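Enquirer: Return atomic coordinates for the entry below.
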Amino acid sequence: MITARALEVLDPGPLTTVQDRGRPGWAHVGVPRAGAVDGPAADLANRLVGNPPDAALLETTLGGVVVRATSAMTVAVTGAECELRVGGRAKPVGTAVAVAAGSEVVVGTARHGVRSYLAVSGGVDVEPVLGSRSTDTLAHVGPPVLAAGQVLPVGAASARPSAAEAHHLVRRSAGPVVLRFRPGPRVALFPLGSVDRLCVAPYSVTADSNRVALRLSGEPLLRDGGEVATEGIVLGAVQVPPSGQPLVFLADHPTTGGYPVLGVVHHDDLAACAQLRPGQQVRFAVG
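Expert: Here you go, the predicted model:
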């Protein structure tokens, strides 16, 4: 049975999930935080349609999503640059767009960046788990990854959409993206000068990057020892596995790990990590 306000999923794309601000505070029982990987883009999409900042919305991955609105509502798309079509007509991204009942909403393939965010007035009203509606792709907590035929309930709109146009779109970078980080806590497990070596040459994003981690390829980082005692992992941690190729943990990161962490990426630079495509380059900088 389709509720009065809902989104029918016609084409889920390669990977589309429901996300909000996540479920921090459950790491002690082994549950990751999840939540939108590009937090500023998700927050903006919610603001544009008049939602509170913790409302749930859809996060697409590269290939977009197609849904049908069962009633009149307002949508907004931010994040990765893409085409937006509503009822068969091209519409601007980065602004509130009215959708008539029965209209299809098509979020196209990302031109630049990886993840686009589709917010709908009233928010995606799936059942929360541990206080969040976020899909966790690692621990499989929360709603499942979107599938064709799925019906997502939508809550009642709580405020008027924003009349202002605002852009939060990913643009092509002319050079390596700089990720600021703070060294620690396991710098002592690496040879002297390892932090400097991390900052010298760029690393390339690999194709196996996902919501769990941004995986990189470049100059291997040597280590003085093997695994360390399992310890807690935080968002943005730069972990170095036996391959010596660093990775940056993102929203669905595990709560613990047994490889040393050389540093932690600045929180304000994590949104850039969310939008880096395979083959793009990053540089690390202490700051």
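Enquirer: Could you use CA atoms for every contact and neighbour count after this?
Expert: Fine.
Enquirer: How many neighbouring residues does Val187 have?
Expert: 17 (other Cα atoms under 10 Å).
Enquirer: So for it, what's the nearest residue that isn't a sequence neighbour?
Expert: Leu262 (5.3 Å; Cα to Cα, 6 or more residues apart in numbering).
Enquirer: shouldn't that neighbour be in contact with Gln239?
Expert: Yes - using Cα atoms under 8 Å, Leu262 makes contact with Gln239 at a distance of 6.2 Å.
Enquirer: just to revisit the earlier point, so is the residue nearest to Val187 in a helix, a strand, or just coil?
Expert: Under the three-state scheme (DSSP: H, G, I helix; E, B strand; the rest coil), Leu262 adopts strand.
Enquirer: Likewise for the one 10 residues further on?
Expert: The three-state assignment at Ala272 reads helix, by three-state DSSP.
Enquirer: That one: neighbour count?
Expert: Neighbours of Ala272 (other Cα under 10 Å): 16.
Enquirer: give me phi/psi at the residue nearest in space to the middle of the chain?
Expert: Residue closest to the average C-alpha location in the chain (Cα atoms, centre = their mean): Val37, at 2.1 Å. Main-chain torsions, Val37, degrees, to the nearest 10: phi -70, psi -40.
Enquirer: Next one, pLDDT for it please.
Expert: Predicted confidence (pLDDT) for Val37: 98.
Enquirer: quick one, what contacts it?
Expert: Residues counted as contacts of Val37 (Cα atoms under 8 Å, 6 or more residues apart in numbering) are 211, 250-251, 270-271, 274.
Enquirer: if I look at it, how far off is Ser204?
Expert: The gap separating Val37 from Ser204 is 19 Å, by Cα to Cα, to the nearest Å.
Enquirer: and if you look at Thr230?
Expert: 28 Å.
Enquirer: do Ser71 as well
Expert: Applying Cα to Cα to Ser71 and Ser204 gives a distance of 44 Å.
Enquirer: Ok, Arg211 next?
Expert: From Arg211 to Ser204 the distance is 17 Å (Cα to Cα).
Enquirer: ditto for Gly149
Expert: 37 Å.
Enquirer: now do Val65
Expert: 27 Å.
Enquirer: So for these two, which sits in the more crowded spot?
Expert: Val65 (26 against 18).
Enquirer: Please verify my assumption that Arg133 contacts Val145.
Expert: No - assessed by Cα under 8 Å, Arg133 is found out of contact with Val145, at 11.8 Å.
Enquirer: those helices in this protein, which residues are they?
Expert: For the chain, the helices defined by DSSP state H cover 39-48, 194-200, 270-274.
Enquirer: Now do the same contact list for the residue nearest to Val187.
Expert: Per Cα under 8 Å, 6+ apart, neighbours of Leu262: 183-187, 195, 237-240.
Enquirer: Closest to Gly257 out of those?
Expert: Set against Gly257, the nearest of the contacts of Leu262 by Cα to Cα is Gln239 (8.8 Å).
Enquirer: pretty sure that closest one contacts Val261?
Expert: Yes - using Cα under 8 Å, Gln239 and Val261 qualify as a contacting pair, with a distance of 4.3 Å.
Enquirer: Neighbour count: the two, which is higher?
Expert: Val261 (26 against 23).
Enquirer: ok, that one to Gln19 distance?
Expert: 27 Å.
Enquirer: try Val205
Expert: Counting by Cα to Cα - Val205 and Gln19 are separated by 24 Å.
Enquirer: Perfect, I'm done here.
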